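Q: here is the input, now give the coordinates:
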Amino acid sequence: METTDRKIHQIDATDIPLGRLATKIALILRGKNKVTFNPAKDEGDFVEVSNAQAIKFTGKKLEQKEYKWHTTHPGGLRSKLVRDVFAKNPGEVLKIAVMGMLPKNKLRDRMIKRLKIVK
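A: Numbering: from 1, shown residues only. So this is what the prediction gives:
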């Protein structure tokens, strides 16, 4: 069995828009930046993000965007504003954005574990 050579990429999130930062991170976690990219294999690198509290939000996303989920119970639609989630844990907003950009399959859980958000 082959072992993949994984590097550590360090990214400073200061004044970078959330979506652009999440796109860069997703590409690295997936391994698309490598010549040996194979969509069926998990060959991505590690990513360390610093200064997540300094991420830039464009437009009115901080006040208007909300995360919605359903509890599977009748009347169980819940929502939270991004402003509230960001105030409590800035890294969680970035993690949710990156999760949405990774493939929705069995490899996603392994990929997201290589994302480390440093305060």
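Q: the strands in the chain, which residues?
A: With strands called from DSSP state E, the chain shows them at 8-12, 46-50, 66-70, 77-81, 115-117.
Q: for the third one, which helices and strands make contact with it?
A: Spelled out, that is strand 66-70. strand 77-81, helix 82-88 (3 or more Cβ pairs under 8 Å, 6 or more residues apart in numbering; DSSP states H and E). In this view, the C-beta of every residue, glycine as well, is placed from N, C-alpha and C.
Q: pull the distance from that strand to the chain's centre.
A: 17 Å (Cα atoms, centre = their mean, to the nearest Å).
Q: what pairs with that strand, parallel or antiparallel?
A: According to DSSP bridges, strand 66-70 forms sheet pairs with strand 77-81 (antiparallel).
Q: contacts for the partner strand?
A: 63, 65-71 (Cβ atoms under 8 Å, 6 or more residues apart in numbering).
Q: so for that strand, what's the average pLDDT?
A: On average, the pLDDT along strand 77-81 is 97.
Q: buried sites along that strand?
A: Under the neighbour-count criterion of 16 or more other Cβ atoms under 10 Å, strand 77-81 has nothing buried.
Q: same deal with stretch 111-119?
A: Those would be 111, 114-115, 117, for stretch 111-119 by 16+ other Cβ under 10 Å.
Q: repeat for stretch 55-71
A: 55, 57, 61-62.
Q: how near is the residue sitting furthest away from the middle of the chain to residue 35?
A: What lies farthest from the middle of the chain is residue 74; by Cα atoms, centre = their mean that is 30.2 Å. Between residue 74 and residue 35 the computed distance is 52 Å (Cβ to Cβ, to the nearest Å).
Q: next one: residue 51
A: Counting by Cβ to Cβ, the gap from residue 51 to residue 35 is 30 Å.
Q: looking at those two now, which is surrounded by more residues?
A: residue 51 (16 against 4; other Cβ atoms under 10 Å).
Q: I'd like the buried residues of stretch 111-119 as a markdown table, with pLDDT appended.
A: Compiled in a markdown table, these are given as follows (pLDDT from 0 to 100):
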| residue | pLDDT |
| --- | --- |
| 111 | 96 |
| 114 | 97 |
| 115 | 97 |
| 117 | 97 |
